[in-house]
Every structure is written in C-alpha cells, then in structure tokens.
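Chemist: Fold the following for me, if possible:
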Amino acid sequence: MTTADMTADSTLWLHRTAAAPDPVARLICFPHAGGSASFFRDWGHRIPGVEVYAVRYPGRAERLAEPVATDLRELARAVAEAVAPLADRPLALFGHSMGAPIALEAAAALEARGIFPVHLFASGSRDAPYPSPEEWADPDEEDDPAVIERLLTLGGTDPELAADPEFQELVLPYVRADGRMFHSYVPAVGSGPSVRCPVTTITGDADPDADCRPWSELTSGGAREQGVPGDHFYLVADPPHALIQQTLAGAHPRQAG
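Modeler: Take a look at the predicted model:
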C-alpha cells in the first residue's frame, strides 16, 4: 500500500474514543504490532480534559478488507494527514511498541506541515542505541507457532484465544505483516534530531523486549524516562492515564523556530 492509496479521511483513520468538550489537548494513540484501535477504547473516559483518538491501521478490524500497510513511514504520513485537521487544539502522540516509531514518523510529518505536537509518549520503548542489524531481524516472523509464542511471551494476548484456529486465521496475517513492516523500517541514524517535541519513554520494569531507540538524539525537545511496574504490556493492567494527564495539563501549541 502506497501513500497515494491511503485516504486522509479522518473518520477512516481515527476513532474518537469519547467526546471531550473544550479539551486542553488531543491525544493520538498508535497501537502495537498486531493491535487495533480497540486497544484504546476506554481511554477517552479515563483522561479528563483530553480528547483521545485511536489510530485505525488498515488490514484489520473495521478495515480488514483493505491491504495491510507495508511501509512504516508512508503509514505514518497518511496518519499525519488525517490528524492535521485536529490541530486547532494542542496535539500529543502516544505509541506503544511498534506504535512508538510510527508516532515518531507521524510527528515528523506533522512538523513538516508546520504542526508541532506538544509531546510524544513512547510506550514499551527505552532510550538506548538501536539494536545491531542481526538483532533487528526477525527470522521467525513467517512461522505461525513462533509468532504465537512471541505474542504469548510479550503478553497482551489471551492463551486460550491464541490457540483458536479461527483467531489464528484472522489475526496472524496482519501480525506477520506488521512484523515485516517494522523490521524493514530503517531508522534515521546520524542525521540530527527527527522531531522537536519532548519525548517521554514508558517502560515496564519486567520488560526485556522494549523497543530500543535513541530518543534523546531523535528529538531536540528533550527526552525523559519513566519506569513503571509490569512487562511489555504493563498498560493493560495499569494504563499511564495520570502521567499523560499531568504532562498535558496546561498544554499549549509549540511554535516553529
């Protein structure tokens, strides 16, 4: 799927999880690999004053009939195009796991349009050098049992559901596609900061699989680390709603320059 194939219709790309009258900010949430907008379905009721939108990736859930995305940057640019009309309020981006680099690229695309997000939350990610090319590759992404085992190891997937053949037939194709897209994404290295917005990384203290990304080098807005109890899917049991609300309280649009 190319950028030309991706419509910028906000209702197609974004699900508003709840109406928020006169919000102080809007939060755009990017799901993990194999995830969908429903992962954030109740967030709009949990962060007072913030209007929450969840990104609908093609190839799953409401968009199951569409081709999956194959290029992470093109996907991010399409999301940024859909998000742009919402910039009459301060925008913040939240990406979990694979969603973190998609949020990064979407922030870069928005900044290229003159729209400057006030914050980027990189969940399931830590400020660290990129893995080596050997570590970056995922040789098991085409092997169904290995993919299922990976889902169970990371958490966030019910074992009984993962064993259901109908679930596997429906979900594994786009889980594998997400893996291919993520592992073919070549991060920018040595070219200066990608964005200007401040970044907060949020990592579970029992998460050995956090995405490694040199966030402090990727933004000129500063990066801080927030450790929380839990594994890679810490946010299922304890979403960081309070942290987000506190960070965005009194948010105001950042200016160019």
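
Chemist: since we're on Thr11, how many residues are nearby?
Modeler: Residues near Thr11, counting by other C-beta atoms under 10 Å, number 10. In this view, the C-beta of every residue, glycine as well, is placed from N, C-alpha and C.

Chemist: and what of Pro85?
Modeler: Pro85 sits with 10 neighbouring residues when counted by other C-beta under 10 Å.

Chemist: so what's it up against?
Modeler: Counting by C-beta atoms under 8 Å, 6 or more residues apart in numbering, Pro85 touches Ser10.

Chemist: my hunch is that it is in a helix, does that hold up?
Modeler: Yes - judged by DSSP: H, G, I helix; E, B strand; the rest coil, Pro85 forms part of a helix.

Chemist: now the longest helix anywhere in the chain: mean pLDDT?
Modeler: In the chain, with assignment by DSSP state H, the single longest helix is helix 165-184. With pLDDT averaged residue by residue, helix 165-184 scores 83.

Chemist: ditto for stretch 82-95
Modeler: Here the average pLDDT along stretch 82-95 is 96.

Chemist: Report the buried residues of the longest helix of the chain.
Modeler: Within helix 165-184, the residues that count as buried by 16 or more other C-beta atoms under 10 Å are 168, 171-172, 174-179, 181-183.

Chemist: same thing with stretch 206-226?
Modeler: 207, 210-211, 213, 215, 217-219, 221, 223, 225.

Chemist: if I look at Pro173, how far off is Leu243?
Modeler: Per C-beta to C-beta, to the nearest Å, Pro173 is found 34 Å from Leu243.

Chemist: dump the residue contacts of Arg63.
Modeler: So Arg63 contacts 12, 56-57 (C-beta under 8 Å, 6+ apart).

Chemist: What is the least confident helix or strand in this structure?
Modeler: When each helix and strand of the chain is scored by mean pLDDT, DSSP states H and E, helix 133-136 comes last, with a mean of 57.

Chemist: Reformat the contacts of Arg63 as TSV; add distance to Ser97.
Modeler: Output for those, formatted as TSV (distance: C-beta to C-beta, whole Å):
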residue	distance to Ser97
Leu12	23
Arg56	17
Tyr57	13
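
Chemist: among these, who's most crowded?
Modeler: If you rank these by neighbour count (other C-beta under 10 Å), Tyr57 sits at the top with 27 neighbours.

Chemist: Assumed it was part of a helix.
Modeler: No - with three-state DSSP as the criterion, Tyr57 is coil rather than part of a helix.

Chemist: Am I right that Ala54 is in a helix?
Modeler: No - under three-state DSSP, Ala54 sits outside any helix and is assigned strand.

Chemist: Show me the beta-bridge partners of it.
Modeler: Beta-bridge partners of Ala54, counted by DSSP bridges, are His15, Cys29.

Chemist: Alright, calling it a day.
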